[in-house]
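Student: Quick one: sequence and predicted model below, then my questions.
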Amino acid sequence: MASDRRDREQRQREAVSPRAPEREERRRSRLDQPQRRRARMTLPNPDSEAFGQLSERIARFLGTGRFLVWMTVVVLIWVGWNVLVPPGLRFDSYPFIFLTLVLSLQASYAAPLILLAQNRQDDRDKVNMEQDRARGERNVADTEYLTREVAALRQGLGEVATRDFLRSELQSLIKELENRPHGEPQEERVGRL
């Protein structure tokens, strides 16, 4: 009964003040545990894989001759427009400060994108090196196993009569039979063998 009454009181407190459980939780927080802080402003959290792929595509484009040609064409058109057209139509006069700002902005975005693409490539290279190392270790282990097997076969064959050995023994027996007189008894031949 007492627990039912406490539950009702708890529900009434929550109905009156929805933040009451949070306050109680704060009061009851332990000193040996870090407190959770609420983020006052949440930043967008893009998909890191999609963003990484996009940065690699941009970095690949920035490293091509096509990009250099387009950048040169844009700068030439920019400078040409601001030098050759009437002064009322110019938007960036001689020191070309706006052009400098645009190029600085482009460079400030290009550098981190290139670094991100390089980091992703380094990660892929590490994975490939680990796979190559594991493959190399397996190859070494297989080679050592095969070497031991070949050595065991050589030791086993060292005790087996080879074809050349048998051929030489048979030839010596044939010569011995040819040199033996025909009238020699059978028992003597058997005893010599």
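Tutor: That came through, no problem.
Student: any idea how far Gly52 is from Glu159?
Tutor: 64 Å (CB to CB, to the nearest Å). For glycine as for every other residue, the C-beta is placed from the backbone atoms N, C-alpha and C.
Student: more neighbours, these two?
Tutor: Between Gly52 and Glu159, counting by other CB atoms under 10 Å, Gly52 is the more crowded of the two (17 against 6).
Student: host element of the more buried one?
Tutor: helix 48-62 (DSSP states H and E).
Student: Equivalent analysis for Gln35, please.
Tutor: Element membership for Gln35, per DSSP H and E: none, as it lies in no helix or strand.
Student: Could you give the number of residues near it?
Tutor: Residues near Gln35, counting by other CB under 10 Å: 8.
Student: How many neighbouring residues does the closest residue to Arg90 other than its chain neighbours have?
Tutor: For Arg90, ignoring the flanking residues on the chain, the nearest one in space by CB to CB, 6 or more residues apart in numbering is Asn82 at 4.8 Å. Asn82: 18 surrounding residues under other CB under 10 Å.
Student: Same question for Leu62.
Tutor: By the criterion of other CB under 10 Å, Leu62 has 19 neighbours.
Student: State the distance from it to Trp70.
Tutor: 11 Å.
Student: do Gln10 as well
Tutor: 67 Å.
Student: same deal with Leu76?
Tutor: 11 Å.
Student: before we move on, what about Arg36?
Tutor: Here the criterion is CB to CB. By it, Arg36 lies 49 Å from Trp70.
Student: tell me the angle the helix ranked longest in the chain makes with helix 48-62.
Tutor: When the chain is parsed with DSSP state H, its longest helix is helix 97-158. For helix 97-158 against helix 48-62, the angle by axes from the mean of the first three to the mean of the last three CA atoms, to 10 degrees is 110 degrees.
Student: shift numbering so it begins at 37
Tutor: All right, first residue 37 from here; so that's helix 133-194.
Student: Helix or strand next in line after helix 133-194, which one?
Tutor: Next element after helix 133-194 (DSSP H and E): helix 199-215.
Student: which helices and strands does that next one pack with?
Tutor: With contacts defined as 3 or more CB pairs under 8 Å, 6 or more residues apart in numbering; DSSP states H and E, there are no secondary structure elements packing on helix 199-215.
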